[in-house]
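> missing the sequence, but the structure's below:
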Ligand code: ADP
Ligand code: MG
């Protein structure tokens, strides 16, 4: 890297409220400094007259000066269209895909010899050249001269100019079935989401999910939940997609992503929700423990998270009491963004939970905030029936038919009429006639203030 580039890198224009993560320990040199340790998350308070120093705040709300070159901004990890990325395929497989070796035809795969690195395979004069893409201090490089933040930037660069390669990149070999974008482990590195090895202490198992086990853990003095991806490379993209969606979300009623760990399998580290899933909580405590106030609080908490998602045009697709978690203070938070997608993305071949999914979503794969609203109505029913399974007495295979014919569940015993009327509105067969989360949250807040 040229000296000039180093200086360019150093001069950051971080705004107040930006989050940065420490890459090194900083003991502090004077009273005004804010000492921190590698891996600490700090919030920028304001720039200073010195472009290399910022006023920042730590987790304990202590403020002080920090040197910009010790930290890195934490940014949202976005799905990128990387049709040329083929993941872990072997050298021979890559060469087969590239036949008949037209000049400039290329793909990128994960390096077999160097885990964490990549290989660029390009055709030139009836041969395939394999270039080792090195991952070095948060940057990618082939020649130690040009550096890139991610594979997309690298591909753009070598498409414009061969810049030392045998040829410039012309046409990608596209991987099937990645139309909605992919995300790579390296994007989490450059986004500042990776928890350094050894920083996370693992404790007992607390649950089991579709991807693998969930552990309790300890990270920087905070109790956390650690969701591990079991050895299953096929699920990796889904798992990373869930994590990437979470990097863009910040709301008191959404389970917060703290970071990811990459050694010994990928783990997603989130805030710890001591009382577990809402459905289990409702079932195990029941009528004798859970009050009207608790119920309206669960309803308002989840609705407020959904109002936030709706405002970001994000569709959850799997809203249900099993995917809401409860913390030590009895606050509930929406989790499980495994299926969350931006509006208009359709995904074929995924099985949906029938009893929670809106008719048009089941029929035509039309997932919108309005289909989330349908699921929210079912979630309300779960809350007010203390965790019963919806549509009791109707066999699963018959539910869709009954619903299409106009059948709707009755109000659970003791359910306030105002709540049941939200349920009915959310189960309108016409998605456009269902309310928005924004209107429902107003109604619920009002009801909450009247509930003792
Ligand atoms: P899946 O990917 O299959 O949906 P979940 O995220 O629902 O997996 O996790 C499975 C179980 O692990 C949950 O039902 C819950 O009991 C437990 N769990 C998950 N996340 C947390 C958390 N942040 N805090 C406490 N327990 C959790
Ligand atoms: Mg779940």
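Structure's in. What do you need? A quick note: this is a predicted structure, and the numbers were derived from the prediction, not measured. Ligands and ions are numbered 1, 2, ... in the order given.
> any idea how far residue 336 lies from residue 420?
26 Å (CB to CB, to the nearest Å). C-beta: built from backbone N, CA, C; applies to glycine.
> Neighbour count: these two, which is higher?
residue 336 (21 against 18; other CB atoms under 10 Å).
> which parts of this protein sit against ligand 2?
Counting by CB under 5 Å from the ion, the chain comes close to ligand 2 at 323, 336.
> Skip the chain neighbours and tell me the closest residue to residue 199.
residue 39 (5.2 Å; CB to CB, 6 or more residues apart in numbering).
> My guess is that neighbour contacts residue 197. True?
No: here residue 39 does not reach residue 197: they are 10.2 Å apart, not a contact under CB atoms under 8 Å.
> Between these two, which has more neighbouring residues?
residue 39 (19 against 10).
> Over to the more buried one. Which of the three states is it?
coil (DSSP: H, G, I helix; E, B strand; the rest coil).
> and it, backbone torsions?
phi 100, psi -10 (degrees, to the nearest 10).
> go on, residue 247?
Dihedral angles (degrees, to the nearest 10) for residue 247: phi -70, psi -20.
> from memory residue 317 sits against residue 372, does it?
Yes: at 7.2 Å, residue 317 counts as touching residue 372 under the criterion of CB under 8 Å.
> between the two, which one's more packed in?
residue 372 (27 against 24).
> And the more buried one, what's its pLDDT?
Here the pLDDT value assigned to residue 372 is 96.
> go on, residue 220?
Per the predicted model, pLDDT is 89 at residue 220.
> hang on, it packs against residue 40?
Yes: taking contacts as CB under 8 Å, residue 220 lies within contact range of residue 40: 7.1 Å.
> between these two, what contacts are shared?
Residues touching both residue 220 and residue 40 (CB atoms under 8 Å, 6 or more residues apart in numbering) are residue 59.
> which residues of the stretch 151-300 of the chain fall in strands?
When assigned using DSSP state E, counting those that start in this stretch, the strands of the stretch 151-300 of the chain occupy the ranges 171-172, 200-208, 213-219, 222-228, 257-261, 267-271.
> Among the ones you listed, which comes closest to residue 185?
strand 257-261 (8.2 Å; CB to CB).
> Give me the contacts around that closest one.
Outside strand 257-261, the residues that reach it (CB under 8 Å, 6+ apart) are 188, 193-195, 197, 200, 219, 222, 224, 226, 243, 246-247, 249, 266-271.
> In it, which of the residues would be classed as buried?
257-261 (16 or more other CB atoms under 10 Å).
> now stretch 216-224
For stretch 216-224, by 16+ other CB under 10 Å, it's 216-217, 219, 224.
> For ligand 2, see how far away the residue in the stretch 351-452 of the chain that ligand 1 sits nearest to is.
Closest to ligand 1 within the stretch 351-452 of the chain is residue 353: 11.0 Å, counting by CB to the nearest ligand atom. Per CB to the ion, to the nearest Å, residue 353 is found 10 Å from ligand 2.
> Next: residue 39.
Where ligand 2 is concerned, residue 39 sits at a distance of 28 Å (CB to the ion).
> OK, contacts around that residue?
21-22, 195-196, 199, 220.
> how about the helices in the stretch 201-350 of the chain?
236-247, 278-289, 292-311 (DSSP state H, counting those that start in this stretch).
> So what's the gap between the longest one and the chain middle?
Read it as helix 292-311. Here helix 292-311 is found 20 Å from its chain centre; the criterion is CA atoms, centre = their mean, to the nearest Å.
> What residue in the stretch 251-400 of the chain comes nearest to ligand 1?
Counting by CB to the nearest ligand atom, the stretch 251-400 of the chain gets nearest to ligand 1 through residue 273 (3.5 Å).
> contacting residues for that residue?
Per CB under 8 Å, 6+ apart, neighbours of residue 273: 225, 255, 325-327, 333, 335.
> can you tell me which of these are in strands?
Of the positions in the contacts of residue 273, 225, 325-326, 333 sit in strands, assigned by DSSP state E.
> Let me know the closest of the residues you listed to ligand 2.
Ligand 2 has its nearest neighbour among the ones in strands among the contacts of residue 273 in residue 325, at 9.1 Å by CB to the ion.
> Next, count neighbours for residue 176.
Using other CB under 10 Å: residue 176 sits among 7 other residues.
> just use 23 as the starting number from now, easier for me
Renumbered: residue one is now 23, and that last one reads residue 198.
> Low-confidence ranges, the stretch 323-472 of the chain, go.
360-373 (pLDDT under 70).
> Just the strands from the stretch 323-472 of the chain, written as ranges.
336-337, 346-348, 354-356, 363-364.
> Around ligand 1, pick out the residues from the stretch 273-422 of the chain.
Proximity of the stretch 273-422 of the chain to ligand 1 is confined to 277, 292, 294-295, 298-299, 347, 357-358, 360 under the rule CB under 6 Å from any ligand atom.
> Now the two most distant members of these.
Of all pairs in these, the most separated under CB to CB is 294 and 360 at 19.0 Å.
> coming back round to it: for ligand 2, state which of the residues of the stretch 273-422 of the chain next to ligand 1 is nearest.
Using CB to the ion, these come closest to ligand 2 at residue 358, 4.4 Å.
> tell me the contacts of residue 316?
Per CB under 8 Å, 6+ apart, neighbours of residue 316: residue 352.
> Please list all residues in contact with the residue of the stretch 373-474 of the chain closest to ligand 1.
340, 342 are the contacts of residue 375 under CB under 8 Å, 6+ apart.
> ok so, going back, only the buried subset of the contacts of residue 295, as a PyMOL command please.
To isolate the buried ones among the contacts of residue 295 in PyMOL, judged by 16+ other CB under 10 Å, type:
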select buried, resi 247+277+347+348+355+357
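> now the farthest one out in this structure, which residue is it?
Distance from the centre of the chain peaks at residue 147, with 42.6 Å (CA atoms, centre = their mean).
> hang on, isn't that one packed against residue 124?
No: between residue 147 and residue 124 there is no contact under CB under 8 Å: 10.7 Å.
> number of nearby residues for residue 121?
Neighbours of residue 121 (other CB under 10 Å): 11.
> can you check residue 266 too?
25.
> For the nearest residue to it once chain neighbours are set aside, which residues are in contact?
Spatial nearest neighbour of residue 266, chain neighbours left out: residue 99 (4.2 Å); criterion: CB to CB, 6+ apart. Going by CB under 8 Å, 6+ apart, residue 99 touches 205, 209-210, 213, 215, 265-266, 269-270.
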